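Visitor: Pasted the sequence and its predicted model underneath.
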Amino acid sequence: MLLIAGLGNPGPKYENHRHNIGFMAVDAIARDHGFGPWRAGFQGAVSEGRLGTEKVLLLKPQTYMNDSGISVSQAANFYKLGPNDVYVIYDEIDLAPMKVRVKAGGGAAGHNGIRSIAAHFGKDFMRVRLGVGHPGDKNKVPGYVLKDFAKAERPWVEAVIEAVSDAVVHLAQQRDSEFMNKVALYLQDRGFGTKPTKQESGFGQKPQQPAKPKDDGENA
């Protein structure tokens, strides 16, 4: 069994924020692959289904971004899942828009949701990083990620979400390089980006396994 968690903040106020692209991705997976209805569980919203022959639990933590680790760790521990069985989909400002990368473990790179999961579950889980670009000034990051995608960005955002959903069966098979390659080719076929090189696609590269602030809920 796998757990695939998409990160975001709950509620209509946040649903189109850059920070919520993880929620958008798991919503698309649930819709496109015939998962069951969303229900409450593990301080989040969960949906069960299969990707190929693999049973999968989709999770959208409802704890706000800074406490994502509470929800993710509860689900992972309940099903006795190890780090290799937990994939977390989230926004990555250090990747250019339309870039999608999978890695195992590592630091949080300033992402409070990833920091929370590392604190509650350990840092060696699998990360699916969806590039949203950087505002150019680190002081502008909170306002950037807690803001809706611009209208001009919507076509590529929707394409990335569709590409992730289309390729996600490879994640269920833990074939991360094939997942990244299929995402890149999907985007290329729809006029976004260029065909990946062998190095960019990840073929032949196996990933190495290796405090919440109090506010009004608008967590970066």
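Guide: Looks like it came in fine.

Visitor: okay, CA-based contacts and neighbour counts for the rest of this
Guide: OK.

Visitor: for the record, mean pLDDT for the helix or strand containing Ser165?
Guide: Assigned by DSSP states H and E, Ser165 falls within helix 154-172. Mean pLDDT, computed over helix 154-172, is 97.

Visitor: List the buried residues for it?
Guide: Of the residues in helix 154-172, those buried by neighbour count under the rule 16 or more other Cα atoms under 10 Å are 156-157, 159-172.

Visitor: biggest separation within those residues, which pair?
Guide: The distance between the two most remote of those (Cα to Cα) is 24.2 Å, for Trp156 and Ala172.

Visitor: Contacts made by the helix holding Ser165 with the rest, please.
Guide: The set of residues external to helix 154-172 that reach it, using Cα atoms under 8 Å, 6 or more residues apart in numbering, is 2, 21, 24-26, 28-29, 32, 51-52, 54, 56, 98, 176, 178-180, 182-184, 186-187, 190, 192.

Visitor: can you rerun that using 6 Å?
Guide: Residues outside helix 154-172 that contact it (Cα atoms under 6 Å, 6 or more residues apart in numbering): Ala25, Ile29, Leu51, Phe179, Lys182, Val183, Tyr186.

Visitor: How far away from the center of its chain is it?
Guide: Mean-position distance between helix 154-172 and its chain equals 11 Å (Cα atoms, centre = their mean, to the nearest Å).

Visitor: and the residue nearest to the spatial centre of the chain, which of the three is it?
Guide: Averaging the C-alpha coordinates of the chain gives a centre point, and the residue nearest to it by Cα atoms, centre = their mean is Ile89 (1.0 Å). Assigned state for Ile89: strand (three-state reduction, DSSP: H, G, I helix; E, B strand; the rest coil).

Visitor: ok, now Lys13?
Guide: For Lys13, the secondary-structure state derived from three-state DSSP is coil.

Visitor: Look up how far Phe149 lies from it.
Guide: Counting by Cα to Cα, to the nearest Å, the separation of Lys13 from Phe149 is 13 Å.

Visitor: more neighbours, the two?
Guide: It is Phe149, of Lys13 and Phe149, that has more neighbours when counted by other Cα atoms under 10 Å, with 18 against 12.

Visitor: gap between the more buried one and Asn16?
Guide: 6 Å.

Visitor: Over to Leu81?
Guide: The separation that Leu81 has from Asn16, given Cα to Cα, amounts to 30 Å.

Visitor: Quick check: phi and psi on the residue lying closest to His19 once chain neighbours are set aside?
Guide: In this structure, His19 finds its nearest non-sequential neighbour in Val145, 5.0 Å apart by Cα to Cα, 6 or more residues apart in numbering. As for Val145, its main-chain torsions (degrees, to the nearest 10) stand at phi -80, psi -30.

Visitor: What's the local residue count around Val145?
Guide: The criterion is other Cα under 10 Å. On that basis, Val145 has 23 neighbouring residues.
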